[in-house]
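Undergrad: Sharing a sequence plus its predicted fold:
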Amino acid sequence: VHYIHSKGCVSMCVENMQRVQKLSPLEIIEMFVTVFCFLKDSSDVSHLLLDDFRTCQGYIFLSDFLLRLEQTQCEEAGDAVRNLTLLVSSLVMCGYTEIKPALSGNATLFQLPDFTIPHPVGRGASVRNIQAFQVLQTVFLKATSGSLLTTVLDAVTTIFNSDNANYFIVEPQNTLSQFAERIYCKPARVQEQFFEILEFVVFHLNYVPCKELVSLSILIKTNSSLECSIRAMQSLLKFVRHDPVFKDAFREVGLLQVMVTSLHRYATLMKEGKDLDNVCEISEDQENLAFLEMEALTALINKNPTNAAMFRQYGGARCVHNLVPYPRCRQQMLSVIQQLICSGGEDDMVTILGLMHSASVLDIQLKIDILKCLLSVLNDVDKSKAIFRKVGGFVYVMSVLVSMEGCVGEQDKEPWDKIERKLVLEMLRTSFETLTAAMRHDPANTRFFATDVRYETLSDAVKLLGCFSGQCELISPFHTTESHTTHLPTSTTNTTVLLDTFLYVDSSVSDMPELVKNSLYILRLLYSMAIDG
């Protein structure tokens, strides 16, 4: 080793390879194989020859040669690229001195449970040659062909899989974060492969890669490639669902703010349309990206008051409320609003109730969707019931019932003749269910409804729906009558009669007058409300 070092043999070999013009790519690869054998074998006893290879710019020559091969259009060049990349990846594991993984303070700011920095496995599996790894890094950043890029990422994947410590050994080189900054200009398959590596770091190595997250936030903010941003959001969504730590990490690296900015961008596109249903042309990729971001925002706000507060500070809450009237994104927006309310968003509940109240009678689907959102919150979060009472939720829902005067009458009148009957019945059912959920297991709300809203008001609203009058008496069809008098067994209760009648409606809908059917439907809603069913 000392003789080869003293005679400058490594430097002469590299110089000869640089000068040779007539040899084919595979022949130059054979020369590299010979040099690498010396380097690999000598690294077990000394670092001298590896230092010589670095000093004579051998690694720079390797990078340049790989990139030149990329431009050569022949099958032999493709084989040479694959072979040389494999040689470089094997050289990454060669070195006289073991390298210990070390992370900076910022890199360990957010840690997943039970995370520990792994110890290197040892020679042959652990990274010992950073300069050789930098060759792969440099080539990836400058390469354009899918074949070379895929080959390099395959080599990086193999290196990371061979020893859990390898990622942390090369982490100071900012490899994946630099890849993330340029990944948008690489082919689709290469992008997918990169995000698979990033997911390996999170799920297998149990690590929060903050540098890479910062790079992804810049990628999404610049909006350089919709397809790449979609792939990034798909991985980010997996991360935030993986562990709550990522909710705080996303906020600190700027991803929360970037998603809100992107949401404003989507809102601008939506508002450029002529009306709610005829919005401007939005591409499928634009919509997919927006929906992924809304899904991620919903997860980020869920059970995280700090994120909810920052979301409001960035103007996200106002933007979301403004987009609720648009049918194509309403469900996604209501999911975000639902989490805002769950985090104590009194203003958000007031705003969504106000939107429901101001909506036209014909916009019944909007009211149904809003009520279902509130119903979900009331069923899941007990403290939301007090907010519902405080902001006048009972009054808002009662006003909906009052506005439905004549909706289930014998003859359809305006505007109910323009609305599908199924939607009308669904609106009634959701209204009753919302009132019921707001009072369930909440004595304060129950007392408030009885004393301030009053059941008499509910009764008056029900009478105005159009299917009840004081001139008709409903006789149960299950009992024989004499002179219009029903003879019931002494053990039979009025409740049993109601239940039997409901069953009769379900089994014989077709042969019952519509008005009677509607009346029984309302009675069933009242019965369910009374027994809190």
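TA: That came in fine, so what should we check first? Numbering: from 1, shown residues only.

Undergrad: quick check: mean pLDDT across the helix or strand harbouring residue 77?
TA: Per DSSP states H and E, residue 77 falls inside helix 75-92. Averaged across helix 75-92, the pLDDT comes to 87.

Undergrad: For whichever helix or strand comes after that helix, buried residues please.
TA: Next helix or strand after helix 75-92 toward the C-terminus (DSSP H and E): helix 130-142. For helix 130-142, the neighbour count (16 or more other Cβ atoms under 10 Å) marks 130, 131, 132, 133, 134, 135, 136, 137, 138, 139, 140, 141 as buried. Every C-beta, even on glycine, is put in place using the N, C-alpha and C of the backbone.

Undergrad: The third one touches residue 91, doesn't it?
TA: Which is residue 132. Yes. Counting by Cβ atoms under 8 Å, residue 91 is a contact partner of residue 132 at 4.2 Å.

Undergrad: where does the stretch 201-350 of the chain have low pLDDT?
TA: Scanning the stretch 201-350 of the chain with the threshold set as pLDDT under 70 gives 273-280.

Undergrad: repeat that with 80
TA: Scanning the stretch 201-350 of the chain with the threshold set as pLDDT under 80 gives 272-281.

Undergrad: Which parts of it are helices?
TA: 210-222, 226-242, 245-252, 255-271, 284-301, 305-313, 316-323, 330-342, 346-358 (DSSP state H, counting those that start in this stretch).

Undergrad: re earlier: as JSON lines, the buried residues of helix 130-142 with pLDDT and distance to residue 419 would be great.
TA: Shown next, in JSON lines, are the buried residues of helix 130-142 (pLDDT from 0 to 100; distance: Cβ to Cβ, whole Å):
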{"residue": "130", "pLDDT": "94", "distance to residue 419": "70"}
{"residue": "131", "pLDDT": "93", "distance to residue 419": "73"}
{"residue": "132", "pLDDT": "93", "distance to residue 419": "71"}
{"residue": "133", "pLDDT": "96", "distance to residue 419": "66"}
{"residue": "134", "pLDDT": "95", "distance to residue 419": "67"}
{"residue": "135", "pLDDT": "95", "distance to residue 419": "68"}
{"residue": "136", "pLDDT": "96", "distance to residue 419": "64"}
{"residue": "137", "pLDDT": "96", "distance to residue 419": "63"}
{"residue": "138", "pLDDT": "96", "distance to residue 419": "65"}
{"residue": "139", "pLDDT": "96", "distance to residue 419": "64"}
{"residue": "140", "pLDDT": "96", "distance to residue 419": "59"}
{"residue": "141", "pLDDT": "96", "distance to residue 419": "60"}
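
Undergrad: Distance to residue 28 added to those, as JSON lines?
TA: Below are the buried residues of helix 130-142 laid out as JSON lines (distance: Cβ to Cβ, whole Å):
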{"residue": "130", "distance to residue 28": "24"}
{"residue": "131", "distance to residue 28": "20"}
{"residue": "132", "distance to residue 28": "18"}
{"residue": "133", "distance to residue 28": "22"}
{"residue": "134", "distance to residue 28": "21"}
{"residue": "135", "distance to residue 28": "15"}
{"residue": "136", "distance to residue 28": "19"}
{"residue": "137", "distance to residue 28": "22"}
{"residue": "138", "distance to residue 28": "19"}
{"residue": "139", "distance to residue 28": "16"}
{"residue": "140", "distance to residue 28": "21"}
{"residue": "141", "distance to residue 28": "23"}
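
Undergrad: by contact count, what packs against the helix or strand containing residue 27?
TA: Assigned by DSSP H and E, residue 27 belongs to helix 25-42. When contacts are defined as 3 or more Cβ pairs under 8 Å, 6 or more residues apart in numbering; DSSP states H and E, helix 25-42 sits against helix 9-19, helix 48-55, helix 58-71, helix 75-92.
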